[in-house]
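[1] okay, predicted coordinates and the sequence, questions at the end:
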Amino acid sequence: MTLAPYASDPTQSRGRRHPEPGAPTRNDFQRDRDRIVHSTAFRRLVYKTQVFLNHEGDLFRTRLTHSLEVAQLGRSIARSLGLHEDLVEAVALAHDLGHTPFGHAGQDALNQCMAQEGGFEHNLQSLRVVDGLEHRYPDFDGLNLCFETREGILKHCSRANALRLSAQDPGGVAQRFLDGTSPSLEAQLCNLADSIAYNAHDIDDGVRSGLLTLDQLGEAPLFAPYLAQVARDHPGIGQRQRRWLFEAIRRMLSDQVYDVVRSTAQAIAQAGVNTPDEARRAGPLVRFSEDMHAQSSGLKRFLFQHLYRHPQVQQMTQLARQVVLELHAAYAADPSQMRAEFAQRPDRPRAIADYIAGMTDRFAQREHQRLTGQSLW
Ligand code: MG
């Protein structure tokens, strides 16, 4: 792995909150990636909804397979740009650790429950998981990850939360939301890889679920030309729809990867940055070309309209909201229903949010049934 001068360098890391000696054979970003893979929160991602509920089908993406796809795209682009692959992989595998059960519906409901208590943001929750909620080490809470990994995990943060975090940890990972600088190039890359991944796999899952048809996708921004191209190159492939779909998605993914590599290399050269900190001050540099950006945004709007707003997905959203709201009410009324380590915490509202956020879809459903006697699914 040849590192570019603007790549994050584990030997120059801003370090861990609790100093630890280095490892004999692994760099610090590698160790972070390994800690994330061995965490409890990471294994829970198997049973957390991406778009389709986990029990709706075995082949739909879950938060886990989504995160693996983000890591694959991120590493592939990082290698071409000379960025640090291990850091990209660590951030990609951790970026969704803070997601509630049932995807965005769960997070919106929990945010509503926590309105008087500073709200609930899944990015901030991912940081809370790696900073405190994992209990695996004798001397500290959390995974004690490097600054650079934590910086990448805190992708978004409200100003109010950034002020609060920075008061506890001056100059820490929330500082950039106050002074308007960017995260490392590796963190920026994970952001973009995230949206490349979900645009592509949501097309696949949308067709698998029957909520999207190839006819509809023939009108989709960015994607439609690939469907047409594959049909031209492989006459008769219309009879083999899965292969047609996969080949079109493959071509779309490759073109987006090459576009990011080209456009980002150009942006970095134009900005003339030579160190990771110069890159942080230069504004967002990891990017699509203008044309690809416009098309990808169009595809996002198409999926919003035709998939995420589909009545069947919306119905699931309503049930998910109900489960989270009713779980929250039940634990608030009787905290002893939570696992002891949460029931005993003095910061009760946040303890309830942490407990619910950590649940898998199916555990939340079982708990909801146990506490309310209702079976919604
Ligand atoms: Mg994601």
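    Yes, it's here.

[2] count the residues that sit near the closest residue to Leu59 other than its chain neighbours.
    In this structure, Leu59 finds its nearest non-sequential neighbour in Arg208, 6.4 Å apart by Cβ to Cβ, 6 or more residues apart in numbering. Just so you know, the C-beta spots here come from the backbone N, C-alpha and C atoms, and that holds for glycine as well. The tally of other residues near Arg208 (other Cβ atoms under 10 Å) stands at 18.

[3] what's near enough to touch Ala364?
    Taking Cβ atoms under 8 Å, 6 or more residues apart in numbering, we find Ala364 in contact with 101-102, 106, 323-324, 327, 356.

[4] of those, list those near the ion.
    Among those, no residue sits close to the ion (Cβ under 5 Å from the ion).

[5] the closest residue to Ser209 other than its chain neighbours: neighbour count?
    Of all residues beyond its chain neighbours, the one nearest Ser209 is Phe52 (6.1 Å), with distances taken as Cβ to Cβ, 6+ apart. For Phe52, the count of nearby residues is 23 (other Cβ under 10 Å).

[6] report the contact partners of the closest residue to the ion within the stretch 251-377 of the chain.
    For the stretch 251-377 of the chain and the ion, the shortest gap (Cβ to the ion) falls at Lys300, measuring 13.2 Å. Listed by Cβ under 8 Å, 6+ apart, the contact set of Lys300 reads 195, 199.

[7] can you list the buried residues in the helix or strand that contains it?
    Using DSSP states H and E, Lys300 maps to helix 290-303. Residues 292, 295-296, 299-300, 302-303 are the ones in helix 290-303 that count as buried (16 or more other Cβ atoms under 10 Å).

[8] quick one on the thing from earlier: go through the contacts of Ala364 and name the one nearest Arg164.
    For the contacts of Ala364, the closest approach to Arg164 (Cβ to Cβ) belongs to Ile356, at 21.0 Å.

[9] element containing the closest one?
    Judged by DSSP H and E, Ile356 forms part of helix 348-357.

[10] packing partners of that helix?
    Secondary-structure packing of helix 348-357 (3 or more Cβ pairs under 8 Å, 6 or more residues apart in numbering; DSSP states H and E): helix 103-113, helix 122-128, helix 311-333, helix 340-343.

[11] which bits of the stretch 101-250 of the chain sit near the ion?
    Taking Cβ under 5 Å from the ion, the part of the stretch 101-250 of the chain that reaches the ion is made up of Asp194.

[12] which phi and psi does Gly218 have?
    The phi/psi pair for Gly218 (degrees, to the nearest 10) reads phi -60, psi -10.

[13] how about it, nearest residue that isn't a chain neighbour?
    Nearest to Gly218 is Ala224, by Cβ to Cβ, 6+ apart, at 5.4 Å.

[14] just give me the neighbour total for the one you found.
    Neighbourhood size, Ala224 [other Cβ under 10 Å]: 17.

[15] now do it, the pLDDT please.
    We have a pLDDT of 98 for Ala224.

[16] now do the same contact list for Phe120.
    Taking Cβ under 8 Å, 6+ apart, one finds 100, 107, 110-111, 113-114, 353, 357 in contact with Phe120.

[17] and which of these is nearest the ion?
    Gln107 (12.0 Å).
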